[in-house]
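Undergrad: Fold the following for me, if possible:
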Amino acid sequence: MDLKTNLTPVLADTAPLTRSRLGVPSGLSPSYSSKGATFPHGPLLAIPRKKTGILEDVRSNGWLDAMKSSSPTHNKVSKDLSHGIGSSDAAYNSWLLKFPSALASFDQITNCAKGKRIVLFLDYDGTLSPIVDNPDCAFMSENMRDAVRKVAECFPTAIISGRRRDKVCEFVRVRELYYAGSHGMDIICPSRQSNSDNHPECVGSADEQGIEVNLFQPAAEFLPMIDEVLGLLKECTKDIEGATVENNKFCASVHYRNVNEESWDIVGQRVYDVLKEYPRLRLTHGRKVLEVRPVIDWDKGKAVTFLLEALGLNNCDDVLAIYVGDDRTDEDAFKALREVNKGCGILVSPTPKESNAVYSLRDPSEVMEFLTSLAVWKSSIQGL
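TA: Residues are numbered from 1 along each chain as shown. Below you'll find the predicted structure:
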């Protein structure tokens, strides 16, 4: 198959989220909370073929503006604070009316969880570890690792990250977890009670402990193309000071966190120029990173649904799924949980922003406190 020219998606949504499946318990939504803005997802991005001036492609498609809006510099944050926005107390407290703290709302969450089976989904960067200049140094603390291990002993827990799966496993080092790398395009999930056998891309395997698992890689046929593009991206950005290209297996990430803002447009243009020749790849962005991914109908929201199915919980009414994440890519998971009313999203952010989440936490330290509280709560009700 010629992946460069074939425009047929390789994977349809095998478990579409339809209105007939609607049905979160109302107790999870505070009476004063309203839904956040809908973030782009669903129909995949089309990449125009027309060549224009050196910066016109990036500017006409909004990528330069998107890079700046999703990655404010220190000066911009300071300016925002001087105008009473950003993370100022007044603005943040007002934002909390819409996205209340999951810590302040802990009793509300656990009251809703009574009699239900909790399933926990966690992003990694910015959620379990701080955002750092060097992606290879995004280490989680031992206290965070202990909190994750304890909560995983209480509830099925999965890490869903844009990182390659083996890298996340190396960072986290907690065996009790399920891992989904490359934004859910590389999943190790339990094989018991699983509907994953219906997916032709799902392969039976065994983990390090010899436990039978399913390996699900819906974009496996894209690996040669991703490797090819990875080389091109490294070559075309090697002269841009501070730019780095990360191999996340099923996606390639171009980090511009350490690039002078005046050169961001050059980064965007060069990445965009490479992508023009690959209509079956798409470009998305996160915190000071441009990510190249296969054009398939798959995201973190689909990964959550898949894992719930693999756990045999997707069609159960006694399930409460909680997803904690900080990035744009986590919005798909927040929205998926809203649509099926099986749980809630918790956005990790020190500044106000629109979201499909229901609750919020400021930073990884609050995430650790929340996870610890969940484990303590579970132990307390088991002892009753």
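Undergrad: how about the residue most central in space within the chain, secondary structure?
TA: In the chain, the C-alpha nearest the mean C-alpha coordinate belongs to residue 330, at 3.5 Å (Cα atoms, centre = their mean). Here residue 330 is helix, with the state taken from DSSP: H, G, I helix; E, B strand; the rest coil.
Undergrad: ok, it - contacts?
TA: 123, 300, 323, 345, 347 (Cβ atoms under 8 Å, 6 or more residues apart in numbering). Heads up, the C-betas are built off the backbone N, CA and C, glycines and all.
Undergrad: Please tell me the pLDDT value assigned to it.
TA: pLDDT, residue 330: 96.
Undergrad: How far does the lengthiest helix in the chain sit from its chain's centre?
TA: The residue-count maximum for a helix in the chain (DSSP state H) belongs to helix 364-382. Remark: helix 364-382 is offset 22 Å from the chain centroid, using Cα atoms, centre = their mean, to the nearest Å.
Undergrad: Tell me the helix or strand right after the helix-or-strand element of the chain with minimal mean pLDDT.
TA: Least confident helix or strand, the chain: helix 74-82 with a mean of 41, by mean pLDDT, DSSP states H and E. As assigned by DSSP states H and E, the chain's next helix or strand after helix 74-82 is helix 89-96.
Undergrad: Give me the helices and strands touching the helix or strand following that following helix, please.
TA: Sequence order places helix 106-113 as the next helix or strand after helix 89-96, per DSSP H and E. The contact analysis (3 or more Cβ pairs under 8 Å, 6 or more residues apart in numbering; DSSP states H and E) places helix 106-113 against strand 319-325, helix 364-382.
Undergrad: Could you provide those in CSV, with additional columns for mean pLDDT and distance to residue 184?
TA: Output for the helices and strands packed on helix 106-113, formatted as CSV (pLDDT from 0 to 100; distance: least, Cβ to Cβ, whole Å):
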stretch, mean pLDDT, distance to residue 184
strand 319-325, 97, 12
helix 364-382, 95, 20
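Undergrad: Go through the ones you listed and pick out the most buried.
TA: Mean neighbours per residue, mean count of other Cβ atoms under 10 Å, is largest over the helices and strands packed on helix 106-113 for strand 319-325, with a mean of 26.
Undergrad: Each with direction, which strands does it pair with?
TA: strand 117-122 (parallel), strand 343-348 (parallel) (DSSP bridges).
Undergrad: Could I get these in a markdown table, plus columns for mean pLDDT and distance to residue 374?
TA: Below are the strands paired with strand 319-325 laid out as a markdown table (pLDDT from 0 to 100; distance: least, Cβ to Cβ, whole Å):
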| stretch | mean pLDDT | distance to residue 374 |
| --- | --- | --- |
| strand 117-122 | 97 | 7 |
| strand 343-348 | 97 | 11 |
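Undergrad: Any figure for the gap between the residue nearest to the centre of the chain and residue 167?
TA: Using Cβ to Cβ, to the nearest Å, one gets 18 Å for the distance from residue 330 to residue 167.
Undergrad: got it, and residue 101?
TA: 31 Å.
Undergrad: quick one: which of these two has more around it?
TA: residue 167 (19 against 15; other Cβ atoms under 10 Å).
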